[in-house]
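Undergrad: Got a sequence here, can you model it:
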Amino acid sequence: MNRELSELAFHQRVLHEALDERNPLLERVRFLTIVTRNLDEFLMKRIGGLKQQIDAGVTELSVDGRTPREQWVASLETARRMFDAQSACFAEVRPLLAEAGIHVVDHEELTERERSSLREYFESDVLPMLTPLTFDPAHPFPFISNLSLSLAVRTRRGGSEPRFSRVKIPENRPRLVRIREAWTDREAERFVPLEQVVAANLDLLFPDVTVLDWSTFRVTRNAEVRRNEEVAEGLIRMIEGVLRDRRFATVVRLEVSEGMPEAVRELLKTQLEVDDREVFERAPPLDLRDLSRLVDLDRPDLKHDPWTPRNHPRFGDGEPDLFAEIRRRDVLVHHPYHSFDRTVQAFVDRAATDDDVLAIKLAIYRTARDSAVVESLIEAARNGKQVAVMVELKARFDEENNLRWVRRLEEEGIHVAYGAIGLKAHAKIALVVREELDAGTGRGVRLYSHVGTGNYHAETAKLYTDLGVLTADREVGADLARVFNYFTGHSMSEDYQTLLVAPGNMRDRFTDLVRREAENAREGEPARIVAKMNALEDPGMVAELYRASQAGVDVDLVVRGICRLRPGVEGASENVTVRSVVGRFLEHSRVFRFENAGDPEFYVGSADWMTRNLDRRVEVVTPVTDPDHRAELQVVLDALLRDDRRAWRMDADGNYEQLRPEGEPVEAHRVLMDRAAAGSPIGAPPDHPSPVD
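TA: Numbers count the residues shown, from 1 in each chain. This next block holds a predicted model:
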């Protein structure tokens, strides 16, 4: 399967959630915003990378036999169909919103009173921020920033030639301007796009000239900007340079509103140096990310039932002794079903203030702009604890946020590692070193560890499904200590007692586990692999799974996004099923189950089966040894394998078909929410027979 087209197929499944009339209305709107963000990122990263290869004259074929140019053409054609469907979906949803009392109106639909009030708002709150940039012999073509929304305005003075001006729509003003109650006689939520308010008042911005026409456009630039990583102390300067370079990177897409004059369109194409294939004419409004303002309205009748993550049954409602509880037995946490604040955040908070904690080490790939985890690390340092933080500066699109945290942490005297040369640190790990009284030896040091699948990010923990293990297992702690020593030292160990670590032993260990299942199948032993991940892209792992299927291993894959393996191919993968679940939460956890001749083994961690995760990133996966935790992971996998409402099944030609329930639908997220709400103990048996069994 082609990597780019497989990723676009995932984005198509996300778009389907906006198209699906079974979803509440504002949830459909929410998915329209998600699709915009997803495709923006795809174009910046993947189309940008293909365009670089084309410009460099690369002709190497992909695994499915396409040149970079052929992939670029196919990807843009697929994306164009999706943009058209997205615009058509908003046109369908807009009158439904109006029926529900939420009106997104055009400026010409407003009453005279509303227009007058908006003109006053424009003069006082918007006009001072606008800077018209004219292109003429005295002025160069203006720089157009990435993902900004702009007006293309043509004006004329007297009998002179028309002049082009760019007016950037300010990003620090609400994109959807609310018609205030004082401005209208109507009882409804009413909004008008800011670009229309600006356009209706261009006479104030361009006095003494004639405004001939206006239209909207939006530019997307390449984010695949790289610089050589020469020395560690240059990483900050390198990242700052990358951020600067991105601002001026090659344009990979030009969106223009329907009806844009041909002369303006040709001018933009010429000045921005884009091909016809890179021009996307769309029905306004462009950039549907800002529809999130509608999603935030207090209209529970138009949304899913609200969900509040529950306290973990092991920690209860009070102030438990977290370290005692983790010492007693490992703790398995599952977000957003379990509260992040009452589990992982509480673990870091307690470590920061506990008198017996000597040191805290933690790896940050992405975190919130107001991260409570980082604030707790700062508090720990102020309390005299040794704190070391690995902050990955190369986390794409989070570089600026992470740079800010690096500076804040260093100001507090905290030791900060910036990442590894040639590798990204993607592991989700934390280590707490605590001095404790040991009955046999007197005083001693105990290691407490967290190994997870998700970032230390309180906001995404409410939206993404992620798993984590809190443990006092000494071997796990010792292995994590080796990983952190690599971040701050100079050598990567390949000798780990328990953990699977990339780029050390992980690829070989996963390969051995798959091959063991194949050997068991050949010997007539029970053999099955159930693997849940975000992406299956690595050719080596795909080949191993094909061989396992041919040996008779049943392989069930739950892959949210990219999957380059084709199931059900005669002679290759008859025993493989591939499904993707797209629903209320973003499936982000990674779980690997190997039958092991009837004694199943489970693993969770940060790594997908992608070449970058196995070879070019620092990743950590931990075995799950507690029998009840294994049972709980099986419940999670069962729910996903039984889902017939949000699940999609891939067929042998690579197409996906959404499953349709024959009776009462089974929705994995609802099943797991209900379990958490009922306070089901860890390891409680599922309500239905397990397809894994």
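
Undergrad: Outline the domain layout of the chain.
TA: Domain ranges of the chain: 1-100, 108-227+253-290, 322-488, 500-677, per automatic domain parsing.

Undergrad: So for Trp307, which of the ones you listed sits nearest?
TA: domain 500-677 (5.9 Å; CB to CB). No exception for glycine: its C-beta is placed from N, CA and C like everyone else's.

Undergrad: Can you give the distance of stretch 66-80 from its chain's centre?
TA: Distance, stretch centre to chain centre, for stretch 66-80: 23 Å (CA atoms, centre = their mean, to the nearest Å).

Undergrad: Could you list the alpha-carbon positions for it in PDB?
TA: As requested, the backbone C-alpha atoms of stretch 66-80 are provided in PDB (Å, rounded to 0.1, in the frame of the first residue of the first chain):
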ATOM      1  CA  ARG A  66       5.300   5.200  -8.000                       C
ATOM      2  CA  THR A  67       7.700   8.000  -8.600                       C
ATOM      3  CA  PRO A  68       7.600  11.000  -6.200                       C
ATOM      4  CA  ARG A  69       5.800  13.000  -8.900                       C
ATOM      5  CA  GLU A  70       3.200  10.200  -9.400                       C
ATOM      6  CA  GLN A  71       2.600  10.100  -5.700                       C
ATOM      7  CA  TRP A  72       2.300  13.900  -5.600                       C
ATOM      8  CA  VAL A  73      -0.300  13.900  -8.400                       C
ATOM      9  CA  ALA A  74      -2.300  11.100  -7.000                       C
ATOM     10  CA  SER A  75      -2.300  12.700  -3.500                       C
ATOM     11  CA  LEU A  76      -3.400  16.100  -4.700                       C
ATOM     12  CA  GLU A  77      -6.200  14.500  -6.800                       C
ATOM     13  CA  THR A  78      -7.400  12.600  -3.800                       C
ATOM     14  CA  ALA A  79      -7.200  15.600  -1.500                       C
ATOM     15  CA  ARG A  80      -9.100  17.700  -4.100                       C
END
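
Undergrad: could you give me the average pLDDT of it?
TA: Here stretch 66-80 scores 96 as its mean pLDDT.

Undergrad: just stretch 387-401 next, same as before
TA: Stretch 387-401 comes out at a mean pLDDT of 81.

Undergrad: May I see the domains of the chain organised as a markdown table, with mean neighbour count and distance to Arg314 added?
TA: A markdown table is the format used below for the domains of the chain (neighbours: other CB atoms under 10 Å; distance: least, CB to CB, whole Å):
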| stretch | mean neighbour count | distance to Arg314 |
| --- | --- | --- |
| domain 1-100 | 18 | 32 |
| domain 108-227+253-290 | 16 | 39 |
| domain 322-488 | 20 | 5 |
| domain 500-677 | 20 | 11 |
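
Undergrad: Tell me if Ala88 really is in a strand.
TA: No: counting by DSSP: H, G, I helix; E, B strand; the rest coil, Ala88 falls outside a strand, being helix.

Undergrad: Can you give me the distance of it to Met82?
TA: In this view, Ala88 and Met82 are 11 Å apart by CB to CB, to the nearest Å.

Undergrad: re the thing from before, quick one: the domains of the chain as CSV, columns for distance to Arg299 too.
TA: Formatted as CSV, the domains of the chain follow (distance: least, CB to CB, whole Å):
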stretch, distance to Arg299
domain 1-100, 6
domain 108-227+253-290, 8
domain 322-488, 19
domain 500-677, 17
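
Undergrad: Next up, the contacts around Arg579.
TA: Residues in contact with Arg579 (CB atoms under 8 Å, 6 or more residues apart in numbering) are Asp556, Leu557, Val558, Val559, Leu640, Leu641, Asp643, Ala647, Trp648, Arg649, Met650, Leu659.

Undergrad: can you rerun that using 7 Å?
TA: Arg579 makes contact with Val558, Ala647, Trp648, Arg649 under the criterion CB atoms under 7 Å, 6 or more residues apart in numbering.

Undergrad: now Asp370
TA: Listed by CB under 7 Å, 6+ apart, Asp370 has no contact partners.

Undergrad: Okay, and the beta partners of Arg190?
TA: Note on Arg190: beta-bridge partners His103, judged by DSSP bridges.

Undergrad: Show me where the stretch 1-150 of the chain has its helices.
TA: Along the stretch 1-150 of the chain, counting by DSSP state H, counting those that start in this stretch, helices occupy 3-19, 25-42, 48-55, 68-99, 112-121.

Undergrad: Including distance to Arg396, could the ones you listed go into CSV?
TA: Output for the helices of the stretch 1-150 of the chain, formatted as CSV (distance: least, CB to CB, whole Å):
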stretch, distance to Arg396
helix 3-19, 15
helix 25-42, 8
helix 48-55, 11
helix 68-99, 19
helix 112-121, 37
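
Undergrad: Glu319: which of these is closest?
TA: Proximity to Glu319 (CB to CB) singles out helix 25-42 among the helices of the stretch 1-150 of the chain, at 35.6 Å.

Undergrad: Return that closest one as PDB; C-alpha atoms alone will do.
TA: Only the C-alpha atoms of helix 25-42 are listed here, as PDB (Å, rounded to 0.1, in the frame of the first residue of the first chain):
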ATOM      1  CA  LEU A  25     -25.000  18.200  14.500                       C
ATOM      2  CA  LEU A  26     -22.200  20.000  16.400                       C
ATOM      3  CA  GLU A  27     -20.100  16.800  16.400                       C
ATOM      4  CA  ARG A  28     -20.300  16.800  12.600                       C
ATOM      5  CA  VAL A  29     -19.100  20.400  12.700                       C
ATOM      6  CA  ARG A  30     -16.300  19.400  15.000                       C
ATOM      7  CA  PHE A  31     -15.100  16.800  12.500                       C
ATOM      8  CA  LEU A  32     -15.100  19.400   9.800                       C
ATOM      9  CA  THR A  33     -12.600  21.300  11.800                       C
ATOM     10  CA  ILE A  34     -10.500  18.200  12.500                       C
ATOM     11  CA  VAL A  35     -10.400  17.400   8.800                       C
ATOM     12  CA  THR A  36      -9.100  20.900   8.000                       C
ATOM     13  CA  ARG A  37      -6.300  20.500  10.600                       C
ATOM     14  CA  ASN A  38      -5.400  17.000   9.500                       C
ATOM     15  CA  LEU A  39      -5.200  17.900   5.800                       C
ATOM     16  CA  ASP A  40      -3.300  21.100   6.500                       C
ATOM     17  CA  GLU A  41      -0.700  19.000   8.300                       C
ATOM     18  CA  PHE A  42      -0.700  16.400   5.500                       C
END
